[in-house]
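K.L.:
give me a model of this one.
(4 chains)
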Protein chains: 2
Amino acid sequence: MPKQITEMLKGTLEGIVLAILAGRAAYGYEITTWLREQGFSDIAEGTIYALLVRIEQRGLVDVEKVPSEKGPPRKVYSLNAAGREYLDEFWNNWGFLSERLEQLRKEGQ
Amino acid sequence: MPKQITEMLKGTLEGIVLAILAGRAAYGYEITTWLREQGFSDIAEGTIYALLVRIEQRGLVDVEKVPSEKGPPRKVYSLNAAGREYLDEFWNNWGFLSERLEQLRKEGQ
DNA sequence: TCGCGGTATTCAGCGTTACTATGTACTAGT
DNA sequence: ACTAGTACATAGTAACGCTGAATACCGCGA
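P.N.:
Now for the predicted structure:
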């Protein structure tokens, strides 16, 4: 994974995870696996767990502990009202950023 | 400026500045002013100058000192070959990220 | 003449975030 | 008993943008 992506992910990774949780409840290991399948090849597990702890402490998600047949209990996260609001803001901000960048890219050639 | 944007800018701001310099040579104060006009209302001057120092040290830009009628001499930056190459990578990475996010946004409603 | 505002750059210290590396724990298969 | 896969956690590090302040040069009005 290029170092550029690492820096670009700051701030966006959080939005990505919230967007995933907006679609369905999920747990850390699941999210990591899914992201890797999507091409985020080298996202570290630790990164996702730390991120989940952060958004939980900010009250953006609800957590439920669910026993697993294959290992230690899963912590299943789901987006709550505050989380949805925060995600809206994220989309606004990302839309803004995205527009400016598309503009620049067009001018570039 | 929301705190979300601050984090999202990490990594991308560098690409934005390089993209600007790909169009034309420019100096710090000028870039800051232009960004503010584009809606990046609260980008700190110090941020841009620090960024310019970084990309200079990585050899992505050439620098020329030009006297100004209105203050201390300007440091005019222009993108060199290495910078153009790096900017290409940036567009690739941003394209990748942008696609995944658009995907997620679509699924979101 | 003095100060003010606009131009222009620099720097130390801080907070946030993602990565590295490692450790823990539970289950199933060999 | 050992290994591999599942699942979570955390201490330490690097990178980046922000805050706040300082420095410097110019022209204009009081």
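K.L.:
can you map out the strands along chain A?
P.N.:
With DSSP state E as the criterion, chain A has strands at A:26-27, A:61-68, A:71-79.
K.L.:
tabulate those strands (JSON lines), appending mean neighbour count.
P.N.:
Just so you know, the C-beta spots here come from the backbone N, C-alpha and C atoms, and that holds for glycine as well. Converted to JSON lines, these look like this (neighbours: other CB atoms under 10 Å in any protein chain shown):
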{"stretch": "strand A:26-27", "mean neighbour count": "19"}
{"stretch": "strand A:61-68", "mean neighbour count": "13"}
{"stretch": "strand A:71-79", "mean neighbour count": "16"}
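K.L.:
out of those strands, nearest to DNA strand D?
P.N.:
strand A:71-79 (2.7 Å; CB to the nearest atom of the strand).
K.L.:
ranges for the helices of chain A?
P.N.:
All helices of chain A, identified by DSSP state H, fall at A:3-9, A:12-23, A:28-37, A:45-57, A:81-107.
K.L.:
what helices and strands are in contact with the second one?
P.N.:
Applying 3 or more CB pairs under 8 Å, 6 or more residues apart in numbering or on different chains; DSSP states H and E, we find helix A:12-23 packed against helix A:28-37, helix A:45-57, strand A:71-79, helix A:81-107, helix B:3-9, helix B:81-107.
K.L.:
mind running it again at 10 Å?
P.N.:
helix A:3-9, helix A:28-37, helix A:45-57, strand A:61-68, strand A:71-79, helix A:81-107, helix B:3-9, helix B:81-107 (3 or more CB pairs under 10 Å, 6 or more residues apart in numbering or on different chains; DSSP states H and E).
K.L.:
likewise the longest one?
P.N.:
Packing contacts for helix A:81-107, counted by 3+ CB pairs under 10 Å, 6+ apart, involve helix A:12-23, helix A:45-57, strand A:61-68, strand A:71-79, helix B:3-9, helix B:12-23, helix B:81-107.
K.L.:
and the first one with DNA strand C, contact?
P.N.:
Yes. Using CB under 7 Å from any atom of the strand, we find that helix A:12-23 touches DNA strand C at A:12-14.
K.L.:
get me the contact residues on chain A for DNA strand C.
P.N.:
So chain A meets DNA strand C at A:1, A:5-6, A:9-14, A:42-47, A:50-51, A:54, A:69-72 (CB under 7 Å from any atom of the strand).
K.L.:
repeat that for 6 Å
P.N.:
Selection of chain A residues close to DNA strand C by CB under 6 Å from any atom of the strand yields A:6, A:9-11, A:13-14, A:42-44, A:46-47, A:50-51, A:54, A:69-72.
K.L.:
pick out the residue nearest the middle of chain A.
P.N.:
A:Val17 (1.8 Å; CA atoms, centre = their mean).
K.L.:
correct me, but A:Leu18 touches A:Glu56?
P.N.:
No. In this structure A:Leu18 lies outside contact range of A:Glu56 using CB atoms under 10 Å: 11.8 Å.
K.L.:
anything in contact with each of those two?
P.N.:
Here A:Leu18 and A:Glu56 share the contacting residues A:77, A:83, scored by CB atoms under 10 Å, 6 or more residues apart in numbering or on different chains.
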